[in-house]
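Colleague: Make a model of this:
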Amino acid sequence: MSSEVAIWVDGVSKRYEQPAKSRKGAERVFEVGNDGGDGQLWTLKDVSFRVYKGETLGIIGRNGAGKTTLLRVISNITQPTSGSVKVSGSIAPVLALQSGFNPQFTGRENVYLKCAIMGLSRKETDNRIEDILDFANIHEFIDRPLRTYSNGMRARLAFAVAFNAEPEILVIDEVLAVGDETFRRKCIARIAALKENGTTILFVSHSPPMVLQLCDRAILLDKGELLVAGDPKLIVSSYQRFVYAPHEERSKVRADLLAQASNGAPAAGVGDAIPSPETADPSPKSLPSADFDPALVPQSTTESIPQGARIIETAILDQDDRRVNLLSPRQAYKLTLTVVFPQPGTQVRYKMIIKTVEGLEVAGAESHPQADNRPFVDAGTKLVVTFPFVTRLAPGTYFVDAGIVGKIENRTMVLHRITDAVAFRVAADPDRPIMALTDISAGPVREVAAHHATNQAGAEQTKAG
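Modeller: Take a look at the predicted model:
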């Protein structure tokens, strides 16, 4: 990533005049607060940030946050009401399934139209047309009118043009969610290749794992305002804390995020949910062992506001019930959650997810509400939930998310959730290295000699036991 700036966004605001008769419809799309009460709908409010050349910036937020409007302003499709945007380099926006397309033209004609809009000459398009058609894989439809295409086919064509135009800046909206699994994987691989080649990428998604996988930095938008910006892991944690907050508490969480951002502090909640080893009061079953590193504490911990239940301690224990966070490969351990219930809950279940440093979810488990004979939990209950697991993971550092889901007053909700509740490190096994992220083998690999029969009709077979 270069130190040169590819995109400057300075104090950008965008206002739409909203006719009185359609304001009720707008209120269903945008939360109260975007409309100032005078028919003026503000979709962006004083947004400022920089994107550096070769950087991939993720943009996340709820529906109506202003994400698409921001991309349209950056792509010069619409003009800001105030503020300014400066873009250094050619830009390829993929903002809607038919953006830059004419539904009456054929797919082939639209390829030439879109390429011309993006600044390519006829000859340059001629040189790319076959690669575009191969990527879209809709050869039999390419000379039919675009209006006859499905949404998935339009998405294929739009991405194929954008990816093969070799832009300096690629702008992608949530349309990446359209299309089959094979095509999405192809798109993600192409994005990764463009990223490796130094393309600047703006990426809007509602998928936190995808933001964590692809982005160098991220920003969180809400009601047209930029709440926080920074490392994708911290921004995704802030986003999850925000969206999982009860409606009546969301304004406070939002204000906290804005206050921390204005003070230059890390994303909200960082490191505030795990007591340090020196101040923790471990139970006898969670005393640390020699395989416990007190410095291995997540600095990205966030938690939702408890609603009827609270996780008060999260720990990984070995088979002797000693607290550990330095794990050996292929050994058995257990994650324990100590939970208290200030009020009764029904249909309670517990969850855990193991993630990589980049946020990729690699394993998880969930209890069944009847499996542990606790479909109903009385107020004042304190219990320990245990998830046994075996470390079939490649060497490295991992994080654990923990959560409780249940019903309170007949409404299913997240009772408490801690993101990055605990961290652990898996050591390498020089004798039996794990070749990928996880090891699915159930035991040592067996070698069986193959004997060639000289006087038999077939080869000898080894029957699987």
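Colleague: What confidence value was assigned to the spatially closest residue to Val5 that is not a sequence neighbour?
Modeller: The spatially closest residue to Val5, leaving aside those adjacent along the chain, is Arg50, at 5.1 Å (Cβ to Cβ, 6 or more residues apart in numbering). Quick note: C-beta positions are derived from backbone N, CA and C, even for glycine. pLDDT, Arg50: 94.
Colleague: ok now do Arg50, which residues does it touch?
Modeller: Val5, Ile7, Trp8, Val9 (Cβ atoms under 8 Å, 6 or more residues apart in numbering).
Colleague: State the helix or strand in which it lies.
Modeller: Following DSSP states H and E, one finds Arg50 within strand 40-52.
Colleague: Check which residues of that strand are buried.
Modeller: Residues of strand 40-52 classed as buried under the neighbour-count rule (16 or more other Cβ atoms under 10 Å) are Leu41, Trp42, Thr43, Leu44, Lys45, Val47, Phe49, Val51, Tyr52.
Colleague: which is the next helix or strand following it?
Modeller: strand 56-60.
Colleague: so what strands line up beside that next one?
Modeller: strand 200-204 (parallel), strand 217-222 (parallel) (DSSP bridges).
Colleague: For the helix or strand immediately after the first one in the chain, list every residue counted as buried.
Modeller: Using DSSP H and E, the helix or strand that directly follows strand 200-204 along the chain is helix 208-214. Within helix 208-214, the residues that qualify as buried are Pro208, Met210, Val211, Leu212, Gln213, Leu214, counting by 16+ other Cβ under 10 Å.
Colleague: export helix 208-214 as CSV, just CAs?
Modeller: The C-alpha trace of helix 208-214 is given here as CSV (Å, rounded to 0.1, in the frame of the first residue of the first chain):
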residue,chain,number,x,y,z
PRO,A,208,-18.3,-8.9,8.3
PRO,A,209,-16.2,-12.0,7.4
MET,A,210,-15.8,-10.7,3.9
VAL,A,211,-14.8,-7.3,5.1
LEU,A,212,-12.3,-8.9,7.4
GLN,A,213,-11.0,-11.1,4.6
LEU,A,214,-10.5,-8.5,2.0
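Colleague: Now do that helix: which elements does it pack against?
Modeller: When contacts are defined as 3 or more Cβ pairs under 8 Å, 6 or more residues apart in numbering; DSSP states H and E, helix 208-214 sits against strand 56-60, helix 181-196, strand 200-204, helix 232-244.
Colleague: which residues touch it?
Modeller: 56, 58, 60, 176, 188, 191-192, 195, 201, 203, 205, 218, 232-233, 235-236, 239-240, 358-361.
Colleague: chain center to it, what's the gap?
Modeller: 4 Å (Cα atoms, centre = their mean, to the nearest Å).
Colleague: burial count for the nearest residue to Phe242 once chain neighbours are set aside?
Modeller: Spatial nearest neighbour of Phe242, chain neighbours left out: Val253 (5.4 Å); criterion: Cβ to Cβ, 6+ apart. Neighbour count of Val253, defined by other Cβ atoms under 10 Å: 21.
Colleague: Could I get the CA-only coordinates of the helix or strand Val253 falls within as CSV?
Modeller: Element membership of Val253 [criterion: DSSP H and E] is helix 247-262. What follows is helix 247-262 as a C-alpha-only set of coordinates in CSV (Å, rounded to 0.1, in the frame of the first residue of the first chain):
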residue,chain,number,x,y,z
HIS,A,247,-33.2,-0.5,20.5
GLU,A,248,-33.5,1.7,23.6
GLU,A,249,-29.8,1.4,24.2
ARG,A,250,-28.6,2.0,20.6
SER,A,251,-28.5,5.7,20.8
LYS,A,252,-26.1,5.5,23.8
VAL,A,253,-23.9,3.0,22.0
ARG,A,254,-23.8,5.3,19.0
ALA,A,255,-22.9,8.3,21.1
ASP,A,256,-20.1,6.3,22.7
LEU,A,257,-18.7,5.4,19.3
LEU,A,258,-18.8,9.0,18.1
ALA,A,259,-17.2,10.2,21.3
GLN,A,260,-14.3,7.7,21.2
ALA,A,261,-13.7,8.4,17.5
SER,A,262,-13.6,12.2,18.1
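Colleague: Run through the helices of the chain in chain order.
Modeller: 23-29, 67-74, 107-117, 122-136, 151-164, 181-196, 208-214, 232-244, 247-262 (DSSP state H).
Colleague: Include mean pLDDT when you put those into JSON lines, please.
Modeller: As requested, the helices of the chain are arranged in JSON lines below (pLDDT from 0 to 100):
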{"stretch": "helix 23-29", "mean pLDDT": "46"}
{"stretch": "helix 67-74", "mean pLDDT": "92"}
{"stretch": "helix 107-117", "mean pLDDT": "91"}
{"stretch": "helix 122-136", "mean pLDDT": "92"}
{"stretch": "helix 151-164", "mean pLDDT": "86"}
{"stretch": "helix 181-196", "mean pLDDT": "80"}
{"stretch": "helix 208-214", "mean pLDDT": "79"}
{"stretch": "helix 232-244", "mean pLDDT": "81"}
{"stretch": "helix 247-262", "mean pLDDT": "81"}
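Colleague: Tell me which of these lies nearest to Ala394.
Modeller: helix 208-214 (16.5 Å; Cβ to Cβ).
Colleague: Which residue ranges make up each domain of this structure?
Modeller: Using automatic domain parsing, the domain parsing of the chain gives 5-89+168-262, 284-426.
Colleague: still on that earlier bit, out of the helices of the chain, which is closest to Arg323?
Modeller: helix 232-244 (23.8 Å).
Colleague: Run through the neighbouring helices and strands of that closest one.
Modeller: Packed next to helix 232-244, using 3+ Cβ pairs under 8 Å, 6+ apart, are strand 56-60, helix 208-214, strand 217-222, strand 225-230, helix 247-262, strand 302-303, strand 411-426.
Colleague: any chance of those in CSV, plus distance to Pro93?
Modeller: Shown next, in CSV, are the helices and strands packed on helix 232-244 (distance: least, Cβ to Cβ, whole Å):
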stretch, distance to Pro93
strand 56-60, 13
helix 208-214, 17
strand 217-222, 18
strand 225-230, 20
helix 247-262, 27
strand 302-303, 32
strand 411-426, 32
